[in-house]
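>>> Only the shape, not the letters, is given here:
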């Protein structure tokens, strides 16, 4: 499982959602990269739905819908596939769903 983010080949910044140029350095040499996990920084409960800010290493900060029992500081597996909640994760970590940024995986490969 992973989420596709943009990596700036000039400064190394990572961004989500996709951008036309790097907000840090203004570079246009951007490449897709998969991010597999992150750390929960904040949680919001909306009835049965749990939304979280998930920090990736080194960046970006993502907003995700969580599945499973999760607390601040927990490591979660990231996915951009909504059906991931229906399949158990082999690592045993909770799953965080981040909707794709508008570009399909095929376009980003």
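Received it, and whenever you're ready, just let me know what you need. Not measured: the values here are computed from a predicted model. Numbering: from 1, shown residues only.
>>> ok, the closest residue in space to residue 84 that isn't next to it in sequence to residue 14 distance?
Excluding the flanking residues, the one nearest residue 84 by Cβ to Cβ, 6 or more residues apart in numbering is residue 95, at 5.3 Å. Backbone N, C-alpha and C define where each C-beta goes, glycine included. Computed as Cβ to Cβ, to the nearest Å, the residue 95 to residue 14 distance reads 21 Å.
>>> re the thing from before, can you name the residues that contact the residue nearest to residue 84?
1, 66-68, 76-77, 79, 84-85, 89 (Cβ atoms under 8 Å, 6 or more residues apart in numbering).
>>> Next: residue 57.
Counting by Cβ under 8 Å, 6+ apart, residue 57 has contacts 38-39.
>>> And it, its phi and psi?
Main-chain torsions, residue 57, degrees, to the nearest 10: phi -110, psi 120.
>>> Repeat that for residue 83.
The phi and psi torsions at residue 83 (degrees, to the nearest 10) take the values phi -80, psi 0.
>>> Counting neighbours, what do you get for it?
The number of residues packed near residue 83 is 8, by other Cβ atoms under 10 Å.
>>> Then residue 35?
Neighbour count of residue 35, defined by other Cβ under 10 Å: 21.
>>> can you tell me which residues contact the closest residue to it other than its chain neighbours?
When the adjacent residues along the chain are set aside, residue 35 lies closest to residue 56, with 4.8 Å between them (Cβ to Cβ, 6+ apart). Counting by Cβ under 8 Å, 6+ apart, residue 56 makes contact with 5, 14, 35, 37-38, 62, 78.
>>> where does residue 56 sit relative to residue 47, distance-wise?
As judged by Cβ to Cβ, residue 56 and residue 47 stand 27 Å apart.
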